Every structure is written in C-alpha cells, then in structure tokens.
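Engineer: Using only what follows, build the 3D model:
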Amino acid sequence: MQIELTKYKSIVFDCDGVVLDSNIVKTDAYFRTAKNLGATDAQAQALVDYHVRLGGISRYHKFDWYLREVLHQPATAEAIQTFLDEFSRELEVGLMHCPVAKGLDDLRTATSHAKWMILSGGDQQEIRNLFAKRATRAGLDFVFLSDWTEVADWQDYCVKNSITTLPRLSSLLT
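Structural biologist: You can find the predicted model right below:
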C-alpha cells in the first residue's frame, strides 16, 4: 500500500516500536527493576507479564499494582517513586543502545514539508532527553508498524479501527 505523504501537514509517530526498537528494552527494564529491588524471578516475571498484558498504560499504575498485588506491600508514594527511579535508570541504559528505525532520516527528507511529532505513553522528558543524547533527528512533529510490536491481536485491532499497518517505518518510502 502506497501512502501519499505529501498531503499531510503533520505526521504523528509513537516512539516505542515505531521510531525506536524499544519494546523489548522496556520489558527488560521492568524485569531488571524488580530484580534490582529484591524481587524473585517469579515476582519480576509477574510484573513483566502485567506490563505486556496492559501495554501502554502508565508505569505508575504498573508499579502500584506490583506493590499491592505481587509484593503485598502498601503502594506508598515513596515506594512507587523508588520503583520509578530505578526503572528510569534501567530504561535509559537500554534506550541509549536500541536501534532507531531504518529510513528515519530518509523519511524526514521526503516529508520536509510536514511537522513531525511523537505521541507516546512514555515519560515526555525522558524521551526529549534521550533524543538529545542520541542526537536522533526526530523533533518528530499513526501508522502501526508491526515488526517490533508485543501487542497481542494487533491485526484484529488495526482492522477494527481502520489503522493502516506497515511492517516498518521505511515502508512509508516505498
């Protein structure tokens, strides 16, 4: 399917799994965060499973759930913040090294007339800092790209919601 990119004045991308191959990085960061803070493998895996099952919901909610339901501890603001801080640290390490979508610079050139934006469930300041540190040229001003997804049943969701799907970002150029 060819998409006529020149008709768009703005293009909005998700970050994880679209601009960055970072879905597994986030999943691994949840596991390492739990382990670093004393979890057993089974407890850490429960957090990972919850993360994968609920996808893009807030990390705050995930850690609140993890503290209450898995660790059977009070989900105090301080306890949640401890997990958030460790998760941010773990996440930054992985995100500094995950691949950037092939064709990103070529797509930027081909769509120089359009504003690019990132719409992400990730922490906005973390994304800004990451892009600056990596010198990623994406002041990225929804197309669902399937190569990097962890979302179960994404095909049905995209069909039901009339979302164009492509295997990768560079497919927009062909």
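
Engineer: looking at it, L130 is touching E92, isn't it?
Structural biologist: Yes. Under the criterion of C-beta atoms under 8 Å, L130 makes contact with E92 at 7.0 Å. In short, each C-beta sits where N, CA and C put it, glycine included.

Engineer: Compare the two and say which is more crowded by neighbours.
Structural biologist: L130 (20 against 15; other C-beta atoms under 10 Å).

Engineer: Tell me who's in contact with the more buried one.
Structural biologist: E92, L95, M96, T136 (C-beta atoms under 8 Å, 6 or more residues apart in numbering).

Engineer: What about those residues, which are in helices?
Structural biologist: E92, L95 (DSSP state H).

Engineer: Pipe the contacts of L130 into CSV and attach pLDDT and distance to P74 per row.
Structural biologist: Formatted as CSV, the contacts of L130 follow (pLDDT from 0 to 100; distance: C-beta to C-beta, whole Å):
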residue, pLDDT, distance to P74
E92, 91, 28
L95, 91, 30
M96, 92, 34
T136, 73, 39
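
Engineer: Filter the contacts of L130 down to the buried ones.
Structural biologist: Listed as buried from the contacts of L130 are L95, T136; burial here means 16 or more other C-beta atoms under 10 Å.

Engineer: Rebuild the contacts of L130 as TSV, extending it with distance to A79.
Structural biologist: Putting these into TSV (distance: C-beta to C-beta, whole Å) gives the following:
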residue	distance to A79
E92	21
L95	24
M96	27
T136	33
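
Engineer: which one of the contacts of L130 is nearest T82?
Structural biologist: Closest to T82 out of the contacts of L130 is E92 (16.4 Å), distances taken as C-beta to C-beta.

Engineer: ok, the closest one - contacts?
Structural biologist: By C-beta under 8 Å, 6+ apart, E92 lies in contact with E126, L130.

Engineer: Okay, helices next: where are they in the protein?
Structural biologist: 23-36, 41-54, 59-65, 77-95, 104-110, 124-134, 154-160.

Engineer: Pick out the shakiest of the ones you listed, pLDDT-wise.
Structural biologist: Mean pLDDT is lowest for helix 154-160 out of the helices of the chain, coming in at a mean of 71.
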